[in-house]
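S.K.: Here is a sequence with its predicted model. Questions after.
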Amino acid sequence: MSGEFNFIEKIRRRSSQSGQRPAVIPDLHLGIGDDTAVLGEESGRETLITVDLLVEEVDFRLDYAVPRWLGHKALAVSLSDIAAMGGDPRFALLTLGIPPSLISGERNGAEHFWEEFFDGYFELAERHGITLIGGDISAVPAQMTIDSIVMGHSRKGHAVRRSGAQQGQAIYVTGEIGAAATGLRLLFAGERANQSERCLVQQAIRAQLAPDPRVEFGRRLGRSGLVGAMIDVSDGLAQDLHHICNESRVGAVIDAGELPVAPCLDLLGLEQAQRLALALEGGEDYELLFTAARAVEDQLREMAGPDLRLSRIGTIVDQDSGNSAILIRQGDEHPHPLKVRGYDHFSR
């Protein structure tokens, strides 16, 4: 790349070429090109804003990252947050801290890296109708950083919070859990991505490097009004369910046999207890974990459709009954407390 402003201009051109042009987006009065973007407001709705920071050597490594998938994931993790609120994502901002090795186009294929990165970013943006409206770039001494902001909307009073779970509601999760954690272990063991293959190894690696946020289903859940509480599975199902229980002041009982554990966990040759622990604690699956009345399950499954797996994995219980912690039931055993573990950036 030939300089900061040339780099910004390339991003601006990519943004204007992808999907909707700013001039035809009613909410966007001014996009990339000024000191700030300008958005129009509308009565009867609320604005949702989320931010995610990805740091090289903490959240990803360039020695195994696929640039196209890294661009995809940079946006996907924030889209998943909007989905978890039942919202409709609309706009994005992106800030990049770029190390010396990725500034010069003559070193380490930097020009190709950024072309691929933005291919992945804008492909996902177009799929979900997202417009990039701004951001920033800076040189950094060493590790690359990616700061992703996504803005969206929900009807006033209809954003799904973590605090709405009620005693007696069922607990549901989309898709499968544990694939991303498996993919990370495989990458650490020396496996690498092959974008053309679809074997179990590559499915696990793709789950880690290019997660698929449940944007449309999250939007449907938000509009339905059927959901009590919701969160995306980013830090591990056990820990994220714990967040719901804390905010809602309830307990939970989950059935181990109903957990939709990804088949690729079998690749690791773990004992049953280790396999269950990885599925519950691994994180980065970016599935939706939510509560709803058992009576509306048929409606939920209809909304999910035939292509999205939806599993009922447990029940919300009264915290006052002594079940303030999450309990887990395995087979016919009496439920016992589940030790809540998950990802913590400060525990490294």
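M.R.: Ah, there it is.

S.K.: Pull up the pairing partners for the one helix or strand residue 311 maps to, direction included.
M.R.: Assessed by DSSP states H and E, residue 311 sits inside strand 310-318. Next to strand 310-318 in the sheet, as set by DSSP bridges, lie strand 170-174 (antiparallel), strand 250-255 (antiparallel).

S.K.: Make CSV out of those strands and add mean neighbour count.
M.R.: For every residue, glycine as well, the C-beta is placed using N, CA and C. Output for those, formatted as CSV (neighbours: other C-beta atoms under 10 Å):
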stretch, mean neighbour count
strand 170-174, 24
strand 250-255, 22
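
S.K.: need these in TSV with distance to residue 272 and mean pLDDT, can you?
M.R.: Below are the strands paired with strand 310-318 laid out as TSV (distance: least, C-beta to C-beta, whole Å; pLDDT from 0 to 100):
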stretch	distance to residue 272	mean pLDDT
strand 170-174	20	98
strand 250-255	15	96
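
S.K.: Dump those into a markdown table; add distance to residue 238 as well.
M.R.: Listed next are those as a markdown table, based on distance: least, C-beta to C-beta, whole Å:
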| stretch | distance to residue 238 |
| --- | --- |
| strand 170-174 | 12 |
| strand 250-255 | 8 |
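
S.K.: between these, which gets nearest to residue 226?
M.R.: strand 170-174 (10.6 Å; C-beta to C-beta).

S.K.: which element follows the closest one toward the C-terminus?
M.R.: Next along the chain after strand 170-174, taking DSSP H and E as the criterion, comes helix 179-188.

S.K.: which strands and helices sit next to that following helix?
M.R.: Helix 179-188 sits against helix 200-209, helix 272-281, with contacts defined as 3 or more C-beta pairs under 8 Å, 6 or more residues apart in numbering; DSSP states H and E.

S.K.: and the angle from that helix to helix 200-209?
M.R.: Computed by axes from the mean of the first three to the mean of the last three C-alpha atoms, to 10 degrees, the angle separating helix 179-188 from helix 200-209 equals 110 degrees.

S.K.: Can I get the next helix-or-strand element following the strand holding residue 311 in PDB, CA atoms only?
M.R.: Downstream of strand 310-318, the next assigned helix or strand under DSSP H and E is strand 326-329. The C-alpha trace of strand 326-329 is given here as PDB (Å, rounded to 0.1, in the frame of the first residue of the first chain):
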ATOM      1  CA  ILE A 326     -26.200 -24.100  37.100                       C
ATOM      2  CA  LEU A 327     -27.000 -27.700  37.700                       C
ATOM      3  CA  ILE A 328     -26.300 -30.500  35.100                       C
ATOM      4  CA  ARG A 329     -28.200 -33.800  34.800                       C
END
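
S.K.: Show me the contact partners of strand 326-329.
M.R.: With C-beta atoms under 8 Å, 6 or more residues apart in numbering as the test, strand 326-329 has contacts from 238, 241-242, 245, 251-256, 317, 335-338, 340.

S.K.: Single out the most deeply packed of the helices and strands packed on helix 179-188.
M.R.: The highest average neighbour count among the helices and strands packed on helix 179-188, using mean count of other C-beta atoms under 10 Å, belongs to helix 200-209 at a mean of 22.

S.K.: which strands and helices sit next to that one?
M.R.: Identification of packing neighbours for helix 200-209 by 3+ C-beta pairs under 8 Å, 6+ apart yields helix 67-84, helix 179-188.

S.K.: and the last one with helix 272-281, angle?
M.R.: What it means is helix 179-188. Per the same axes, to 10 degrees, the angle that helix 179-188 makes with helix 272-281 is 110 degrees.

S.K.: and residue 249, what does it touch?
M.R.: residue 319.

S.K.: Give me the phi and psi for it.
M.R.: phi 60, psi 50 (degrees, to the nearest 10).

S.K.: One more: residue 260?
M.R.: For residue 260, the backbone dihedrals (degrees, to the nearest 10) come out as phi -80, psi 70.

S.K.: Could you list the buried residues of stretch 118-128?
M.R.: 118, 120-122, 124-125, 128 (16 or more other C-beta atoms under 10 Å).

S.K.: Next: stretch 252-267.
M.R.: Residues of stretch 252-267 classed as buried: 252-256, 259-262, 264-265, 267 (neighbour count, 16+ other C-beta under 10 Å).

S.K.: how much space is there between residue 145 and residue 81?
M.R.: Per C-beta to C-beta, to the nearest Å, residue 145 is found 18 Å from residue 81.

S.K.: Comparing these two, which shows the higher neighbour count?
M.R.: Between residue 145 and residue 81, residue 81 has the larger neighbour count (other C-beta atoms under 10 Å), namely 24 against 18.

S.K.: Assign the residue nearest to that one when sequence neighbours are not counted to helix, strand or coil.
M.R.: Counting by C-beta to C-beta, 6 or more residues apart in numbering, residue 50 is the residue found nearest to residue 81 once chain neighbours are left out, at 3.9 Å. At residue 50 the chain is in strand, as set by DSSP: H, G, I helix; E, B strand; the rest coil.

S.K.: Same check on the one 4 residues further on?
M.R.: Following three-state DSSP, we place residue 54 in the strand state.
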